[in-house]
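all I have is the shape, not the residue letters:
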Ligand code: LLP
């Protein structure tokens with residue numbers, strides 16, 4: 001079939017618009033006998049009937065397995081070169097108490113970047129010593145709380161924080177382990193990286209200033225310097241940017257050894273995942289091997305001992321494990337010249353997936369309640385918000401008989417979708433359901449209109465009638481409180 005000029009260059013019409021590309025979907029995703037997509041053995045129509053739509057669905061086994069396999073890959077590769085690695089799960093990608101426990105079960109530590117994320121990790125029962133605390137503007141209260149509960153490491157992000165953390169540690173009678181975040185000058189995005197000598201960004205300290213700042217840290221009796229930290233970006237496909245950054249960091253690391261011990265080096269997170277069939281990220285085993293090789297070679301070249309390595313991946317663990325389930329509401333063919341794009345509007349949008357609007361991110365979509373042999377049609381999945389940039393999937397193909405009432409699923413939404421969700425247009429944030437072995441359970445309940453109105457100080461609660469018992473979700477305007485029970489349980 002000729003390429004539809006309305007589609008991006010990389011997207012061609014598939015022979016079958018029902019197939020699930022294994023690179024994009026949770027490992028348990030498949031079509032049932034009826035043609036519906038099942039995740040963790042639970043079918044899309046069952047999920048929609050029990051919990052409503054939109055709905056975030058996480059394949060628990062897939063998330064746990066990715067965490068375990070990532071850790072095993074890094075353990076193996078860094079053992080090969082003669083050191084060990086600490087893996088922190090970057091909670092900003094997705095955090096709930098359940099997911100924090102899955103990560104700890106897999107042997108991971110937890111990286112948080114606010115008092116709120118810290119509170120969730122602690123509520124999950126994560127041992128404080130396993131927590132790393134980030135942020136370019138941690139409040140004094142957050143720093144005090146972190147040192148009081150005994151978080152394992154605080155990542156110092158600016159000169160002013162040296163004093164703040166030292167004072168808080170003294171107040172709480174602890175010696176606080178700290179890292180210093182530096183700008184390595186390397187930026188990476190997908191498969192390319194850019195290296196600059198001067199950084200114009202808010203995170204970390206200027207590379208050349210690091211030795212003096214480490215001396216200041218070492219001079220504080222309430223601080224224990226663990227090592228340097230850097231994070232070069234997110235959704236990175238290849239190893240080159242990480243290698244360049246590790247090499248730069250190790251030159252600084254070697255210099256710092258003259259003034260005292262530097263037991264660790266944190267290389268941050270950022271490993272990319274596939275959102276569409278055009279994406280081709282490096283396998284995690286290749287990244288682990290590549291990073292181990294560069295660390296080994298750089299340390300040997302400088303004649304310095306191998307540090308313990310720390311990494312902080314988020315997306316690569318939880319991203320592919322999650323999908324979002326929507327119901328189709330309206331369909332509109334839009335003719336542009338000789339070609340047609342089908343606008344398919346769903347009952348969520350930029351409030352549950354801000355990534356396309358924020359970053360121009362691409363996603364893909366499949367019909368989730370059935371298969372059909374109707375010819376593929378170029379579609380754009382639009383949300384229900386009052387904003388033309390409210391697009392969830394810019395371009396993909398669905399069977400051309402897609403109709404109102406159909407269910408669609410968008411894969412690879414486990415990271416930075418729920419955590420970036422908003423209440424724009426007073427849509428409630430959807431529930432998060434974990435599926436495993438044919439069972440589904442709510443791990444974060446969805447918001448109702450009551451939740452949203454509860455924060456409005458001017459509400460006449462006695463005047464509320466039907467509105468207060470309805471879901472705020474698209475199709476859910478008529479759903480009653482009873483029907484919402486499963487979601488809110
Ligand atoms: N460590 C630090 C210091 C970070 O800033 C981040 C992500 C990570 C680790 C984890 O990166 P990951 O492995 O998940 O790529 N909202 C954006 C991504 C923001 C990433 C922020 N920092 C997106 O949706 O693409």
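Sure thing, it's come through. Since the model is a prediction, treat every value here as computed from it, not as a measurement. Residues are numbered from 1 along each chain as shown.

count the neighbours of the residue nearest to residue 185 when sequence neighbours are not counted for me.
Leaving out its chain neighbours, the residue that sits closest to residue 185 by C-beta to C-beta, 6 or more residues apart in numbering is residue 196, at 4.9 Å. Backbone N, C-alpha and C define where each C-beta goes, glycine included. Residues contacting residue 196 under the criterion other C-beta atoms under 10 Å number 12.

quick check, pLDDT for residue 196.
Looking at residue 196, its pLDDT is 71.

and for residue 319?
Looking at residue 319, its pLDDT reads 98.

that one and the ligand: what is the separation?
Noted for residue 319: a distance of 8 Å to the ligand, by C-beta to the nearest ligand atom, to the nearest Å.

residue 336 now?
When residue 336 is compared with the ligand (using C-beta to the nearest ligand atom), they lie 29 Å apart.

need the residues that contact the helix or strand encompassing residue 248.
In the assignment (DSSP states H and E), residue 248 maps to helix 240-256. Helix 240-256 is contacted by residues 182, 184-188, 192-193, 195, 207, 210-211, 214, 227-228, 230, 232-233, 236, 262, 265, 267, 270, 287, 290-291, 294-295, 298-299, 302, 304, 307 when judged by C-beta atoms under 8 Å, 6 or more residues apart in numbering.

which among these end up buried?
By neighbour count, with 16 or more other C-beta atoms under 10 Å, the contacts of helix 240-256 hold 182, 184-188, 193, 207, 210, 214, 227-228, 230, 232-233, 236, 262, 265, 267, 270, 287, 290-291, 294-295, 298-299, 307 as buried.

so which of those residues belong to strands?
Using DSSP state E, the subset of these located in strands is 186-188, 193, 227-228, 265.

pLDDT at residue 479, what is it?
Looking at residue 479, its pLDDT is 39.

what's the longest strand seen in the chain packed up against?
Criterion DSSP E: the longest strand present in the chain is strand 322-336. Applying 3 or more C-beta pairs under 8 Å, 6 or more residues apart in numbering; DSSP states H and E, one finds that strand 322-336 contacts helix 44-51, strand 55-59, strand 339-346, strand 407-411.

coming back round to it: out of the contacts of helix 240-256, which are inside helices?
Judged by DSSP state H, helices contain the following of those: 210-211, 214, 287, 290-291, 294-295, 298-299, 302.

which among those residues gets closest to the ligand?
residue 287 (11.1 Å; C-beta to the nearest ligand atom).

can you tell me how far the nearest residue to that closest one once chain neighbours are set aside is from residue 191?
Closest residue to residue 287 apart from its sequence neighbours, by C-beta to C-beta, 6+ apart: residue 239 at 5.5 Å. Distance from residue 239 to residue 191, counting by C-beta to C-beta, to the nearest Å: 10 Å.

the more surrounded of these two?
Taking neighbours as other C-beta under 10 Å, residue 239 and residue 191 compare with residue 239 leading, 19 against 16.

contacting residues around that one?
Shown in contact with residue 239 (C-beta under 8 Å, 6+ apart): 282, 286-287, 290-291, 294.

how about the residues you listed in TSV, adding pLDDT?
Output for those, formatted as TSV (pLDDT from 0 to 100):
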residue	pLDDT
282	92
286	96
287	95
290	96
291	96
294	96
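
outline the domain layout of this structure.
Using automatic domain parsing, the domains assigned to the chain come out as 30-54+322-413+430-436, 61-318, 447-488.

can you add distance to residue 4 and give those back as a markdown table?
Putting the domains of the chain into a markdown table (distance: least, C-beta to C-beta, whole Å) gives the following:
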| stretch | distance to residue 4 |
| --- | --- |
| domain 30-54+322-413+430-436 | 5 |
| domain 61-318 | 15 |
| domain 447-488 | 28 |
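
where among those is the average confidence lowest?
Ranked by mean pLDDT, these bottom out at domain 447-488, with a mean of 63.

measure the residue nearest to residue 329 when sequence neighbours are not counted to residue 384 for me?
Spatial nearest neighbour of residue 329, chain neighbours left out: residue 345 (5.2 Å); criterion: C-beta to C-beta, 6+ apart. Applying C-beta to C-beta, the value for residue 345 to residue 384 is 6 Å.

cool, and residue 455?
Residue 455 sits 22 Å away from residue 384, going by C-beta to C-beta.

between the two, tell me which one has more neighbours.
Comparing residue 455 with residue 384 by neighbour count (other C-beta under 10 Å), the higher total belongs to residue 384, at 22 against 8.

who touches the more buried one in this structure?
Residue 384 touches 329, 345-349, 390, 425, 427, 474, counting by C-beta under 8 Å, 6+ apart.

quick one, which of those residues are buried?
Applying 16+ other C-beta under 10 Å to these, the neighbour count classes 329, 345-349, 390, 427, 474 as buried.

rebuild the residues you listed as TSV, extending it with distance to the ligand.
Output for the buried ones among the contacts of residue 384, formatted as TSV (distance: C-beta to the nearest ligand atom, whole Å):
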residue	distance to the ligand
329	26
345	23
346	20
347	22
348	17
349	16
390	17
427	19
474	23
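
looking at those residues, which is nearest residue 135?
The nearest member of the buried ones among the contacts of residue 384 to residue 135, counting by C-beta to C-beta, is residue 427 at 28.4 Å.

so what's the closest one closest to, chain neighbours aside?
Nearest one to residue 427, counting by C-beta to C-beta, 6+ apart, is residue 351 at 4.7 Å.

residue numbers of the stretch 51-200 of the chain in contact with the ligand?
By C-beta under 6 Å from any ligand atom, the residues of the stretch 51-200 of the chain that approach the ligand are 90, 92-93, 134.

so which of these is the closest to the ligand?
residue 90 (3.4 Å).

if you count neighbours, what's buried in the longest strand of the chain?
In terms of neighbour count (16+ other C-beta under 10 Å), strand 322-336 has its buried residues at 322-329, 331.

and the strands in the stretch 51-200 of the chain?
55-59, 85-90, 109-112, 131-133, 153-156, 176-181, 186-189, 192-195 (DSSP state E, counting those that start in this stretch).

ok, now which ones touch whichever residue of the stretch 351-489 of the chain sits closest to the ligand?
Using C-beta to the nearest ligand atom, the closest approach of the stretch 351-489 of the chain to the ligand is made by residue 416 at 3.2 Å. When contacts are counted by C-beta under 8 Å, 6+ apart, residue 416 touches 92-94, 315, 319, 355.
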